[in-house]
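*Asks:* below are the sequence and a predicted model for it; my questions follow.
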Amino acid sequence: MRKIRIWDIPTRLFHWSLVILLSVSFYTGLSGGFVEMDYHMLSGYCILSLVLFRILWGLFGGYYARFTTFIKGPTRIIQHAASLLKKEPPYPGHNPIGALSIIAILLSLLLQASTGLFANDDIMLEGPLTHLVSYDTSRMLTGIHKTNIWVIASLAGLHIVAILFYQFYKKDRLIVAMFSGKKMLNDVEQHQVSLVRELLLGSMTLTLCASAVYAIVNYL
(Lines give C-alpha, C1' and ligand atoms only; values in the text may rest on other atoms or scores of the structure.)
Protein backbone atom coordinates (compact mmCIF):
# COMPACT_ATOMS: atom_id res chain seq x y z
CA MET A 1 0.00 0.00 0.00
CA ARG A 2 1.28 3.44 -0.92
CA LYS A 3 -0.13 6.93 -1.29
CA ILE A 4 -1.28 7.59 -4.84
CA ARG A 5 -2.43 11.01 -6.07
CA ILE A 6 -5.98 10.53 -7.31
CA TRP A 7 -7.81 13.85 -7.23
CA ASP A 8 -6.30 16.85 -9.00
CA ILE A 9 -6.47 20.33 -7.50
CA PRO A 10 -9.26 21.67 -9.78
CA THR A 11 -11.47 18.69 -8.91
CA ARG A 12 -10.96 19.23 -5.17
CA LEU A 13 -11.59 22.98 -5.42
CA PHE A 14 -14.73 22.29 -7.45
CA HIS A 15 -16.01 19.85 -4.83
CA TRP A 16 -15.59 22.08 -1.78
CA SER A 17 -16.70 25.24 -3.60
CA LEU A 18 -19.87 23.41 -4.62
CA VAL A 19 -20.50 22.34 -1.02
CA ILE A 20 -20.27 25.96 0.15
CA LEU A 21 -22.40 27.37 -2.67
CA LEU A 22 -25.10 24.73 -2.25
CA SER A 23 -25.31 25.57 1.44
CA VAL A 24 -25.72 29.25 0.56
CA SER A 25 -28.36 28.46 -2.07
CA PHE A 26 -30.36 26.24 0.28
CA TYR A 27 -30.34 28.81 3.06
CA THR A 28 -31.16 31.83 0.92
CA GLY A 29 -33.74 30.01 -1.19
CA LEU A 30 -35.68 28.74 1.82
CA SER A 31 -35.39 31.90 3.93
CA GLY A 32 -36.38 34.41 1.21
CA GLY A 33 -36.05 38.19 1.56
CA PHE A 34 -34.66 40.78 -0.86
CA VAL A 35 -31.04 40.52 0.28
CA GLU A 36 -31.16 36.74 0.60
CA MET A 37 -32.55 36.32 -2.89
CA ASP A 38 -29.83 38.52 -4.35
CA TYR A 39 -27.27 36.14 -2.85
CA HIS A 40 -29.38 33.21 -3.99
CA MET A 41 -29.16 34.33 -7.60
CA LEU A 42 -25.44 35.00 -7.36
CA SER A 43 -24.78 31.58 -5.85
CA GLY A 44 -26.91 30.07 -8.63
CA TYR A 45 -24.75 31.71 -11.30
CA CYS A 46 -21.63 30.39 -9.57
CA ILE A 47 -23.10 26.88 -9.32
CA LEU A 48 -23.96 26.91 -13.02
CA SER A 49 -20.39 27.97 -13.81
CA LEU A 50 -19.03 25.15 -11.65
CA VAL A 51 -21.30 22.53 -13.20
CA LEU A 52 -20.27 23.58 -16.71
CA PHE A 53 -16.65 23.49 -15.57
CA ARG A 54 -17.05 19.95 -14.19
CA ILE A 55 -18.62 18.75 -17.42
CA LEU A 56 -15.68 20.08 -19.45
CA TRP A 57 -13.20 18.86 -16.84
CA GLY A 58 -14.76 15.42 -17.15
CA LEU A 59 -13.71 15.43 -20.79
CA PHE A 60 -10.09 16.56 -20.58
CA GLY A 61 -9.21 17.05 -16.90
CA GLY A 62 -7.15 14.85 -14.61
CA TYR A 63 -7.13 11.11 -15.29
CA TYR A 64 -9.50 10.14 -12.47
CA ALA A 65 -11.75 13.15 -13.09
CA ARG A 66 -12.58 12.07 -16.64
CA PHE A 67 -15.95 10.46 -17.30
CA THR A 68 -14.32 7.76 -19.40
CA THR A 69 -12.37 6.67 -16.32
CA PHE A 70 -15.23 6.11 -13.88
CA ILE A 71 -18.46 5.64 -15.86
CA LYS A 72 -19.02 1.90 -16.22
CA GLY A 73 -21.57 -0.34 -17.90
CA PRO A 74 -24.47 -2.18 -16.21
CA THR A 75 -22.42 -5.34 -15.61
CA ARG A 76 -19.75 -3.55 -13.59
CA ILE A 77 -22.37 -1.62 -11.64
CA ILE A 78 -24.23 -4.82 -10.70
CA GLN A 79 -20.97 -6.56 -9.75
CA HIS A 80 -19.99 -3.66 -7.51
CA ALA A 81 -23.45 -3.55 -5.90
CA ALA A 82 -23.20 -7.27 -5.13
CA SER A 83 -19.90 -6.73 -3.31
CA LEU A 84 -20.88 -3.65 -1.30
CA LEU A 85 -20.70 -5.41 2.08
CA LYS A 86 -17.37 -7.08 1.34
CA LYS A 87 -14.17 -5.58 2.73
CA GLU A 88 -12.43 -5.02 -0.58
CA PRO A 89 -9.41 -2.81 -1.35
CA PRO A 90 -10.34 0.87 -1.89
CA TYR A 91 -11.38 1.92 -5.37
CA PRO A 92 -8.88 4.34 -6.97
CA GLY A 93 -11.42 6.93 -8.16
CA HIS A 94 -15.21 6.94 -8.22
CA ASN A 95 -16.61 3.42 -7.94
CA PRO A 96 -19.33 2.38 -10.46
CA ILE A 97 -22.21 3.24 -8.13
CA GLY A 98 -20.55 6.46 -7.01
CA ALA A 99 -20.24 7.41 -10.68
CA LEU A 100 -24.02 7.18 -11.04
CA SER A 101 -24.38 9.47 -8.04
CA ILE A 102 -22.00 12.04 -9.53
CA ILE A 103 -23.83 12.07 -12.87
CA ALA A 104 -27.23 12.36 -11.16
CA ILE A 105 -26.03 15.27 -9.02
CA LEU A 106 -24.51 17.12 -11.98
CA LEU A 107 -27.65 16.70 -14.08
CA SER A 108 -29.95 17.81 -11.25
CA LEU A 109 -27.75 20.84 -10.55
CA LEU A 110 -27.70 21.74 -14.23
CA LEU A 111 -31.51 21.52 -14.29
CA GLN A 112 -31.81 23.59 -11.11
CA ALA A 113 -29.47 26.36 -12.22
CA SER A 114 -30.95 26.48 -15.73
CA THR A 115 -34.58 26.70 -14.60
CA GLY A 116 -33.58 29.38 -12.10
CA LEU A 117 -32.62 31.63 -15.00
CA PHE A 118 -36.27 31.63 -16.08
CA ALA A 119 -37.89 31.62 -12.62
CA ASN A 120 -40.58 34.11 -11.63
CA ASP A 121 -42.27 34.16 -8.23
CA ASP A 122 -44.79 36.92 -9.12
CA ILE A 123 -43.59 38.95 -6.13
CA MET A 124 -40.05 40.24 -6.21
CA LEU A 125 -37.89 37.84 -8.17
CA GLU A 126 -37.42 37.31 -11.87
CA GLY A 127 -34.65 35.31 -13.44
CA PRO A 128 -32.51 37.15 -16.02
CA LEU A 129 -33.99 35.15 -18.92
CA THR A 130 -37.70 35.34 -18.11
CA HIS A 131 -38.19 37.75 -21.01
CA LEU A 132 -37.27 34.98 -23.44
CA VAL A 133 -40.24 32.75 -22.55
CA SER A 134 -43.96 33.16 -22.00
CA TYR A 135 -45.43 33.72 -18.55
CA ASP A 136 -46.89 30.20 -18.44
CA THR A 137 -43.55 28.67 -19.42
CA SER A 138 -41.81 30.74 -16.77
CA ARG A 139 -44.25 29.54 -14.10
CA MET A 140 -43.78 25.92 -15.22
CA LEU A 141 -39.99 26.25 -14.98
CA THR A 142 -40.38 27.93 -11.59
CA GLY A 143 -42.35 24.90 -10.40
CA ILE A 144 -39.59 22.58 -11.59
CA HIS A 145 -37.04 24.78 -9.84
CA LYS A 146 -38.94 24.58 -6.54
CA THR A 147 -39.47 20.82 -6.77
CA ASN A 148 -36.02 19.85 -8.00
CA ILE A 149 -34.37 21.38 -4.94
CA TRP A 150 -35.66 18.43 -2.93
CA VAL A 151 -34.25 16.02 -5.48
CA ILE A 152 -30.88 17.68 -4.97
CA ALA A 153 -31.30 17.52 -1.19
CA SER A 154 -32.07 13.79 -1.42
CA LEU A 155 -29.09 13.12 -3.68
CA ALA A 156 -26.82 15.14 -1.38
CA GLY A 157 -28.08 13.22 1.65
CA LEU A 158 -27.54 9.90 -0.10
CA HIS A 159 -24.07 11.06 -1.13
CA ILE A 160 -23.17 11.85 2.49
CA VAL A 161 -24.51 8.51 3.74
CA ALA A 162 -22.48 6.67 1.08
CA ILE A 163 -19.32 8.58 2.03
CA LEU A 164 -19.79 7.68 5.70
CA PHE A 165 -20.43 4.04 4.77
CA TYR A 166 -17.21 3.84 2.77
CA GLN A 167 -15.30 5.89 5.33
CA PHE A 168 -16.14 3.80 8.39
CA TYR A 169 -17.28 0.38 7.13
CA LYS A 170 -15.08 -0.17 4.10
CA LYS A 171 -12.18 1.91 5.50
CA ASP A 172 -11.92 3.91 2.29
CA ARG A 173 -10.76 7.34 3.49
CA LEU A 174 -12.75 9.39 1.00
CA ILE A 175 -12.98 12.56 3.08
CA VAL A 176 -9.23 12.81 3.63
CA ALA A 177 -8.62 12.03 -0.05
CA MET A 178 -10.85 14.90 -1.17
CA PHE A 179 -8.67 17.27 0.87
CA SER A 180 -5.22 15.82 0.17
CA GLY A 181 -5.93 14.32 -3.25
CA LYS A 182 -4.19 11.08 -2.21
CA LYS A 183 -5.39 7.61 -1.24
CA MET A 184 -3.64 4.55 0.18
CA LEU A 185 -3.77 2.02 -2.64
CA ASN A 186 -2.09 -1.15 -3.80
CA ASP A 187 -1.04 -2.04 -7.36
CA VAL A 188 -2.39 1.16 -8.89
CA GLU A 189 -0.43 3.04 -11.52
CA GLN A 190 0.70 6.55 -10.59
CA HIS A 191 -0.23 8.88 -13.44
CA GLN A 192 2.29 11.62 -14.09
CA VAL A 193 0.91 15.13 -13.71
CA SER A 194 2.12 18.64 -14.38
CA LEU A 195 0.84 20.98 -11.68
CA VAL A 196 1.44 24.00 -13.89
CA ARG A 197 -0.60 22.50 -16.75
CA GLU A 198 -3.26 21.32 -14.32
CA LEU A 199 -3.72 24.71 -12.68
CA LEU A 200 -3.44 26.65 -15.94
CA LEU A 201 -5.92 24.43 -17.77
CA GLY A 202 -8.28 24.41 -14.79
CA SER A 203 -8.18 28.21 -14.47
CA MET A 204 -8.77 28.69 -18.19
CA THR A 205 -11.69 26.25 -18.18
CA LEU A 206 -13.35 27.88 -15.17
CA THR A 207 -12.83 31.36 -16.66
CA LEU A 208 -14.43 30.21 -19.91
CA CYS A 209 -17.46 28.77 -18.09
CA ALA A 210 -17.88 31.80 -15.82
CA SER A 211 -17.62 34.12 -18.82
CA ALA A 212 -20.27 32.12 -20.66
CA VAL A 213 -22.65 32.35 -17.70
CA TYR A 214 -21.96 36.08 -17.34
CA ALA A 215 -22.73 36.62 -21.05
CA ILE A 216 -25.95 34.57 -20.81
CA VAL A 217 -27.15 36.48 -17.76
CA ASN A 218 -26.29 39.95 -19.00
CA TYR A 219 -26.61 39.89 -22.76
CA LEU A 220 -29.36 37.46 -23.77
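*Replies:* Received it, and whenever you're ready, just let me know what you need.
*Asks:* how about the strand or helix carrying Ile160: buried residues?
*Replies:* Using DSSP states H and E, Ile160 falls within helix 135-168. Across helix 135-168, burial judged by 16 or more other CB atoms under 10 Å covers 138-139, 141-142, 144-145, 148-149, 151-152, 155-156, 162-163, 166. Yep, even glycine has a C-beta here, placed from its N, CA and C like the rest.
*Asks:* cool, stretch 190-209 as well?
*Replies:* Glu198, Leu201, Gly202, Thr205, Leu206, Cys209.
*Asks:* least confident of these?
*Replies:* Here the lowest pLDDT out of the buried residues of stretch 190-209 sits on Glu198, with 92.
*Asks:* mind listing what it touches?
*Replies:* Residues near Glu198 by CB atoms under 8 Å, 6 or more residues apart in numbering: Asp8, Ile9, Pro10, Gly62.
*Asks:* quick check: the closest residue in space to the third one that isn't next to it in sequence vs Gln112, distance?
*Replies:* I take that to be Pro10. Nearest in space to Pro10, with sequence neighbours left out and distances taken as CB to CB, 6 or more residues apart in numbering, is Gly202 at 3.3 Å. Applying CB to CB, to the nearest Å, the value for Gly202 to Gln112 is 24 Å.
*Asks:* kindly report the same for Tyr135.
*Replies:* Distance from Tyr135 to Gln112, by CB to CB: 21 Å.
*Asks:* next: Asn148.
*Replies:* 5 Å.
*Asks:* also Arg76?
*Replies:* Counting by CB to CB - Arg76 and Gln112 are separated by 29 Å.
*Asks:* between these two, which one's more packed in?
*Replies:* Shown here are Arg76 and Gln112; by other CB atoms under 10 Å, Gln112 has more neighbours (24 against 14).
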